[in-house]
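**Student:** Would you be able to build a 3D model of this:
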Amino acid sequence: MSLLDWLIMNLVFDISFVVFCTAFIYKLVQHKKQIKQIEQKIEKKFNLLIEEAKSSNNKQEAINTEIKATFENKIVELEDKTNTVIRNPRLARKKFHEKVNIN
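**Tutor:** The predicted model follows:
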């Protein structure tokens, strides 16, 4: 094998190595871009889930407030009925008997 053949063979190996490294780096860059896109999609989905949880929590708070207001109204009604019975038991008895007879 002559020196020229040896140099050409080394040159072919070097070019092959450079092409392989370039292709490898290109693939790594492509994978990095894909990973970044996947991370962005996951982040968007995560943010949507957080927003959904917040809105669900707000809805639950609104429902709890509504229930609390309803119970407060019922308590006021019961207090009024109790006060009516205490102040005027005959009238309360009369109203009770009217409701029982109607129903």
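**Student:** Could you report the separation of residue 83 from residue 76?
**Tutor:** 10 Å (CB to CB, to the nearest Å). For every residue, glycine as well, the C-beta is placed using N, CA and C.
**Student:** what do you get for residue 2?
**Tutor:** For residue 2 relative to residue 76 (CB to CB), the value is 110 Å.
**Student:** again with residue 8
**Tutor:** 101 Å.
**Student:** same thing with residue 64?
**Tutor:** Residue 64 is 19 Å from residue 76, by CB to CB.
**Student:** neighbours around residue 56, how many?
**Tutor:** By the criterion of other CB atoms under 10 Å, residue 56 has 10 neighbours.
**Student:** Figure out the helix or strand that it lives in.
**Tutor:** Per DSSP states H and E, residue 56 falls inside helix 3-87.
**Student:** Follow the chain on from that helix and name the next helix or strand.
**Tutor:** helix 89-102.
**Student:** gap between that following helix and the chain center?
**Tutor:** 53 Å (CA atoms, centre = their mean, to the nearest Å).
**Student:** next one: stretch 32-40
**Tutor:** Between the centre of stretch 32-40 and the centre of its chain there are 22 Å (CA atoms, centre = their mean).
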